[in-house]
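**Q** A predicted structure for the sequence below; I have some questions about it.
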Amino acid sequence: MSTIAEVAKEAGVSVATVSRVINKNGTVSAETQQKVYAAIAKFDYHPNVWGRSLRRRESRMLLILVPNISNPYYSNIVRGIEDTVRRNRYNSMLCITDMDKRRAGEYFDLLSSGRADGAILMDTTKDDKEIPQLAKNFPIVQCCEYCGDESVGHVSIDNFKAAYEVVRFLCSIGHRRIGFVGSTNQFISTWQRCLGYEKALTENGMPVDGRYIAHADDDYNFPSGMRAARQLLSQPDRPTAIFCISDVIALAAIRAAGELNLRVPEDLTVVGFDDVEYATMFKPMLTTVSQPCYMLGKNSCEMLLEQINGAPARSVFLEHKIILRDSSVSYTGE
């Protein structure tokens with residue numbers, strides 16, 4: 001195995017100069033850099049990243065906390081994070097919390113012990129009081145979900161605006177009985193999407209009717225989505241459209257409608273949220289709010305690395321899109 005000393009000798013420079021070139025620290029002339037890179041290539045030299053990290057008291061490990069891995073929504077976000085992690089020569093640990101604070105605390109211990117340099121959180125609840133305290137001591141970025149404390153950086157979309165636009169669209173194509181399937185979790189996105197739904201109804205002269213609101217479980221699982229949809233669709237004066245806060249729930253609503261002999265979109269319009277891959281795998285293809293999941297992950301990782309390098313926390317909202325597909329049509333009924 002080649003050594004840094006051999007590289008330095010071949011390039012005709014000191015070991016310190018080779019180190020500066022590798023770490024991009026200090027000023028080294030372009031000519032000298034070329035000599036060093038040529039020597040590195042000749043000897044196929046690979047720096048000892050772990051040893052260097054220990055000397056700097058860095059772990060070069062980033063934590064990715066997700067509530068679960070059953071929801072396909074998280075897959076592209078994690079991919080965006082992972083690609084950015086590798087590009088910056090870091091490592092990552094995927095930490096599944098199941099919304100268990102004790103389990104999350106065990107992962108946070110890795111920060112306290114120096115075995116991780118920072119964390120990306122996707123399971124923060126809107127009233128979480130612990131995360132702002134944690135963020136005072138460690139680099140933290142919240143992705144998608146975030147607490148109400150603006151001092152903690154986050155990257156997300158405008159969930160209120162997205163939900164408002166969806167329901168306003170449903171009103172514009174003739175619906176007057178619009179159902180909403182939310183969740184029992186305490187995510188800020190759940191709360192904001194409900195507020196957007198309510199505001200759009202109110203502005204279009206329709207009451208917010210509790211009969212047309214149901215809730216799936218906190219992890220948006222398919223069976224609970226079916227149960228919530230059946231609750232809405234079994235009423236004599238059922239909704240003619242249902243807005244669901246996740247695509248998994250929306251696909252469950254389509255399944256529940258079929259079991260009740262309701263056709264989508266002829267008898268019922270269904271709209272989801274997220275634009276996961278499954279949204280186009282079945283007929284009817286799902287009308288939904290598309291989130292830039294890969295970019296949510298990429299941005300959150302870049303923001304975390306900024307903090308690790310001394311930059312202050314910041315927050316970013318990315319753009320969403322409403323994707324119209326088969327599960328929504330104009331409605332002319334009463």
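**A** Yes, it's here. Quick caveat, the model's predicted, so the values are computed rather than measured.
**Q** Compute the number of surrounding residues for residue 194.
**A** 21 (other CB atoms under 10 Å). For the C-beta atoms, the positions are set from N, CA and C on the backbone; glycine is no exception.
**Q** Quickly note the distance from residue 44 to residue 20.
**A** Distance, residue 44 to residue 20, by CB to CB, to the nearest Å: 20 Å.
**Q** typo on my end, it should be residue 128
**A** 42 Å.
**Q** Give me the more crowded residue out of the two.
**A** Between residue 128 and residue 20, counted using other CB under 10 Å, the more crowded position is residue 128 (23 against 18).
**Q** Checking my notes, the more buried one in a helix, right?
**A** No - read with DSSP: H, G, I helix; E, B strand; the rest coil, residue 128 is coil and lies in no helix.
**Q** give me phi/psi at the nearest residue to residue 37 once chain neighbours are set aside?
**A** By the measure of CB to CB, 6 or more residues apart in numbering, the closest residue to residue 37 outside its immediate chain neighbours is residue 21, 7.3 Å from it. Per-residue torsions, residue 21: phi -60, psi -50 (degrees, to the nearest 10).
**Q** For residue 21, the count of nearby residues, please.
**A** 22.
**Q** With residue 111 as the reference, measure out to it.
**A** For residue 21, the distance to residue 111 - CB to CB - is 31 Å.
**Q** ditto for residue 91
**A** 15 Å.
**Q** So which of those two has more stuff around it?
**A** residue 111 (20 against 15).
**Q** Name the SS class of that one, please.
**A** Going by three-state DSSP: residue 111 is helix.
**Q** That one is in contact with residue 136, isn't it?
**A** No - between residue 111 and residue 136 there is no contact under CB atoms under 8 Å: 12.0 Å.
**Q** if you skip the residues just before and after it, what's nearest to residue 118?
**A** Per CB to CB, 6+ apart, closest to residue 118 is residue 139, 3.5 Å.
**Q** Over to residue 232?
**A** residue 179 (4.4 Å).
**Q** now what about the helix or strand where that neighbour lies, what contacts it?
**A** Using DSSP states H and E, residue 179 falls within strand 178-183. Residues from elsewhere that reach strand 178-183, judged by CB atoms under 8 Å, 6 or more residues apart in numbering: 167, 170-171, 190, 193-194, 197, 201, 206, 212-218, 220, 225, 228-229, 232, 238-246, 249-250, 253.
**Q** Inside strands: which ones of those residues?
**A** Among those, the residues falling in strands (DSSP state E) are 213, 214, 215, 216, 241, 242, 243, 244.
**Q** Turn these into JSON lines, including distance to residue 265 and neighbour count.
**A** Listed next are the ones in strands among the contacts of strand 178-183 as JSON lines, based on distance: CB to CB, whole Å; neighbours: other CB atoms under 10 Å:
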{"residue": "213", "distance to residue 265": "21", "neighbour count": "18"}
{"residue": "214", "distance to residue 265": "20", "neighbour count": "24"}
{"residue": "215", "distance to residue 265": "24", "neighbour count": "20"}
{"residue": "216", "distance to residue 265": "21", "neighbour count": "27"}
{"residue": "241", "distance to residue 265": "9", "neighbour count": "26"}
{"residue": "242", "distance to residue 265": "11", "neighbour count": "32"}
{"residue": "243", "distance to residue 265": "14", "neighbour count": "32"}
{"residue": "244", "distance to residue 265": "14", "neighbour count": "32"}
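**Q** and these as CSV, adding pLDDT and distance to residue 59?
**A** Formatted as CSV, those follow (pLDDT from 0 to 100; distance: CB to CB, whole Å):
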residue, pLDDT, distance to residue 59
213, 98, 46
214, 98, 45
215, 98, 40
216, 97, 38
241, 98, 50
242, 98, 46
243, 98, 43
244, 98, 40
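**Q** coming back round to it: what pairs with the residue nearest to residue 232 across the strands?
**A** residue 242 (DSSP bridges).
**Q** isn't the residue nearest to residue 37 right next to residue 39, touching?
**A** No - using CB under 8 Å, residue 21 is not in contact with residue 39; the gap is 9.8 Å.
**Q** what residues are up against residue 210?
**A** Per CB under 8 Å, 6+ apart, neighbours of residue 210: none.
**Q** what residue is smack in the middle of this structure?
**A** Note on the chain: the residue nearest the mean C-alpha position is residue 144, at 4.5 Å, using CA atoms, centre = their mean.
**Q** How much space separates residue 111 from residue 35?
**A** 40 Å.
**Q** burial of residue 96, as a residue count?
**A** By other CB under 10 Å, the residues close to residue 96 number 16.
**Q** how about it, what does it touch?
**A** 66, 67, 68, 69.
**Q** In TSV: the residues you listed, plus secondary structure, pLDDT and neighbour count.
**A** Below are the contacts of residue 96 laid out as TSV (DSSP: H, G, I helix; E, B strand; the rest coil; pLDDT from 0 to 100; neighbours: other CB atoms under 10 Å):
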residue	secondary structure	pLDDT	neighbour count
66	strand	96	22
67	coil	95	23
68	coil	92	17
69	coil	89	11
